[in-house]
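Student: Provide a 3D model corresponding to the input given below.
(one chain, ligands or ions: 1)
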Amino acid sequence: MNICVIGAGYVGLTLSITLASLDHQIQCVDKDSNKITQLEKGVIPFYEPELDDLLQSSRKNITFTTNISDAVKSSDLIFIAVGTPSRQDGSASLLALYSVLNDLSQNITTFKTIIVKSTVPPGTCEEVHQKLAELGVASHLYVVASNPEFLREGNALHDTLHPDKTVVGIKDGDTTTVPLLKTIYEKIPTPYIITNLTGAELIKYANNYFLATKISFINEMARVSDKFNVEISHIAQGIGLDPRIGKEFLQAGIGYGGSCFPKDLKALQYIAKINQIETPILHAVQQINDTQINLYVEKIKKQLPNLSEKIAVLGVTFKAHTDDTRSSQSIALIQQLATIGYDVNVYDPKGTIPTEIQSMVTQHPSMEDAIKNSHSIILATDWPEFVLLPWKKIKEMMAGSLIVDGRNVWDKNEVESHGFTYIGVGRR
Ligand code: UGA
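Tutor: From the prediction side, this is the model:
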C-alpha cells in the first residue's frame, strides 16, 4: 500500500522512517524545501538517536518531496503530522492543518483514508471531516480518523516500534480504518483503544496532562521535603513502588519543558476556558512548573550575592538525547540568570542557545571551557556525560564552590566531600 505522510517533524519523520523499515512504500511530504533536500541526502534535520541509520537502511522504501499533489494522488493512506504550535492566547494553531486540507481537497479523486497524527484540540477531526466536504470532496471518497502519537523525543524509534498502546478514533460506521491500521502496524503489536474521533484527541491531551501532573506533583513534594530535610528520591521510590502510582515521571527537577507538555497544557486550558470548565488541577500543574526555576534562582542569589559572577550552566536542551531547546527550563533559567547580571557560560553536547539570547550568554564547545573560573555550576539537563564528573579536578578549575543540581543526578555527599556547597531539588 502506498502511504503519504504529510509533515517531516519528529512525529512525521519518525513514522515515515519506521513504516519504511517495515517495508511499506512511503512518500514523506514537507513544505520546507531545505528540509526535503537534506532528507534526500540522508541527513536528519534534528538530532534523534538511531534515526539516520534506520533511514539509510530503509532508503529504498521512502521518498521525500515537496509535491503534495502527486504524493496524495498516488497514496491510499494519508497521515497528517503537521505542527500545532501555541498561539498567543494558548490555543493550538491549526493553520498548517487547514492548509493541508486545502491541498487534499484539490487532489482527492480516489478513496483516501486520512489519519490525523498531529495533537489537535477535541472536535478538530470532526471539523476536518466537515471541512473536506465544504471544500468539495465527495463523502464517498474519504474517511477521517485520529491516531495520536505518544513518542518521546530522544526515544522516538523505540517508542514508535514498542508503543504501550495504539489509540484510534473513528467516525460512527467506519468499518475500514481499524483493520487497515492493524495491517499497517502488523509488526508493532499493542493493545488497541478504539474510540470516537474526539475521544482519541482527548486521550492524547489527558496522557500528556497526567504525565506533567506527576512531574509537578513531585516538584511540589520536593518543596515540602526541602523544608523537612527529607530526600525527595526516597519519597518518589516509596510511592512509585505502589503499582497504582508507578515509578515513572517522579524525577524532581527544575521542571518540564519541550514542544509538547507546555503547549498541550496551555491548549487544554484554553479549551476548558472557552467551554466554562473549571480545571484547578491543570492550573496548579502549570503554576508549579512556571515557578520552579524561581526557587533555585533565589537560592543561587543567596549563595552568590555578587550578581556579576561567572556561572556555568550544563545543558540547554529541554531534556537529554535531543538538540531541542523549545520551552526548555534550562533556557528560561539561563535567561533569568543573565538578566540578573551573572556572567552565564553554557555547554551542551547537542543543543545550541537560541539566537534571541545569544548576546546574553556564552556557549562553549567544551564543558571545561564553560566551567573554568566559574563560581558555580548549575546542572540543568541530565545528559549522561554530566553524571560522573571528576570533582577534584573541577574544584581546582573553579573560582568558587557552589553546585546546583537541577536534576538531582549527583551524589550530594561525594560533591560535598570535595569542599563544595551542594544545592539539589528537595534533598537533604
Ligand atoms: C512527551 C510525552 O512523554 C510523549 O508521550 C508525547 O508523545 C510527547 O510529549 C508529545 O506529545 O509529542 P517529550 O516532550 O519528548 O514527550 O519529553 P518527556 O520525556 O515526556 O519529557 C518532558 C519534560 O519533562 C522534560 O523537560 C523532562 O526533563 C521532564 N521530566 C520528565 C521531569 O522533569 N521529570 C520526570 O520524571 C520526567
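Student: let's see the helix or strand containing Ser330 as CSV, backbone CA atoms only.
Tutor: Taking DSSP states H and E as the definition, Ser330 sits inside helix 329-340. Only the C-alpha atoms of helix 329-340 are listed here, as CSV (Å, rounded to 0.1, in the frame of the first residue of the first chain):
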residue,chain,number,x,y,z
GLN,A,329,13.5,25.2,31.5
SER,A,330,17.3,25.5,31.1
ILE,A,331,16.9,28.4,28.7
ALA,A,332,14.4,30.1,31.0
LEU,A,333,16.9,29.7,33.8
ILE,A,334,19.8,31.0,31.7
GLN,A,335,17.7,34.0,30.7
GLN,A,336,16.9,34.8,34.3
LEU,A,337,20.5,34.5,35.5
ALA,A,338,21.8,36.6,32.6
THR,A,339,19.1,39.3,33.2
ILE,A,340,20.2,39.5,36.9
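Student: and that helix, what's buried?
Tutor: Using 16 or more other C-beta atoms under 10 Å as the burial criterion, the residues of helix 329-340 that qualify are 329-338. Yep, even glycine has a C-beta here, placed from its N, CA and C like the rest.
Student: distance to the ligand and pLDDT for these - can I get that in JSON lines?
Tutor: JSON lines is the format used below for the buried residues of helix 329-340 (distance: C-beta to the nearest ligand atom, whole Å; pLDDT from 0 to 100):
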{"residue": "Gln329", "distance to the ligand": "6", "pLDDT": "98"}
{"residue": "Ser330", "distance to the ligand": "9", "pLDDT": "98"}
{"residue": "Ile331", "distance to the ligand": "11", "pLDDT": "98"}
{"residue": "Ala332", "distance to the ligand": "11", "pLDDT": "97"}
{"residue": "Leu333", "distance to the ligand": "12", "pLDDT": "98"}
{"residue": "Ile334", "distance to the ligand": "15", "pLDDT": "98"}
{"residue": "Gln335", "distance to the ligand": "16", "pLDDT": "97"}
{"residue": "Gln336", "distance to the ligand": "17", "pLDDT": "97"}
{"residue": "Leu337", "distance to the ligand": "18", "pLDDT": "98"}
{"residue": "Ala338", "distance to the ligand": "20", "pLDDT": "97"}
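Student: re the thing from before, and the contacts of the helix holding Ser330?
Tutor: With C-beta atoms under 8 Å, 6 or more residues apart in numbering as the contact definition, helix 329-340 has outside contacts at 253-257, 289, 292-294, 296-297, 300-301, 307, 311, 313, 315-318, 325, 344, 346, 353-354, 357, 360-361, 378, 380-381, 406.
Student: since we're on Thr198, how many residues are nearby?
Tutor: Thr198 is surrounded by 16 other residues when neighbours are defined as other C-beta atoms under 10 Å.
Student: what is the helix or strand where it lies packed up against?
Tutor: Secondary-structure element containing Thr198, defined by DSSP H and E: helix 197-227. When contacts are defined as 3 or more C-beta pairs under 8 Å, 6 or more residues apart in numbering; DSSP states H and E, helix 197-227 sits against helix 124-134, strand 142-146, strand 166-170, strand 192-196, helix 232-240, helix 261-274, helix 280-303.
Student: near the ligand, which residues of the chain show up?
Tutor: Within the chain, the positions near the ligand by C-beta under 6 Å from any ligand atom are 119, 149-153, 208, 211, 215, 249-251, 253, 256-258, 260-261, 318-319.
Student: picking up where we left off before, and the helix or strand just after the helix holding Ser330 with helix 329-340, angle?
Tutor: Heading C-terminal from helix 329-340, the first helix or strand you meet, by DSSP H and E, is strand 343-347. Here strand 343-347 runs at 160 degrees with respect to helix 329-340, directions being taken by axes from the mean of the first three to the mean of the last three C-alpha atoms, to 10 degrees.
Student: quick one: strands adjacent to strand 343-347?
Tutor: Counting by DSSP bridges, the strands paired with strand 343-347 are strand 310-314 (parallel), strand 362-363 (parallel).
Student: so which of the ones you listed is the most packed in?
Tutor: Burial among the strands paired with strand 343-347, expressed as mean neighbours by mean count of other C-beta atoms under 10 Å, is greatest for strand 310-314, which shows a mean of 26.
Student: ok now it, how far from the chain's centre?
Tutor: Its chain's average C-alpha position is 24 Å from that of strand 310-314, according to C-alpha atoms, centre = their mean, to the nearest Å.
Student: so that it lines up with my notes, have the first residue be 536 from now on.
Tutor: Right, with 536 as the first residue, what we last looked at is strand 845-849.
Student: for the stretch 536-685 of the chain, just list every one of the strands.
Tutor: 537-541, 560-564, 597-600, 612-615, 647-651, 677-681 (DSSP state E, counting those that start in this stretch).
Student: export the second one to PDB, keeping only CA atoms.
Tutor: What follows is strand 560-564 as a C-alpha-only set of coordinates in PDB (Å, rounded to 0.1, in the frame of the first residue of the first chain):
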ATOM      1  CA  GLN A 560       6.200   2.500   0.500                       C
ATOM      2  CA  ILE A 561       6.300   5.900   1.900                       C
ATOM      3  CA  GLN A 562       6.200   9.400   0.400                       C
ATOM      4  CA  CYS A 563       7.100  11.900   3.100                       C
ATOM      5  CA  VAL A 564       6.000  15.500   2.200                       C
END
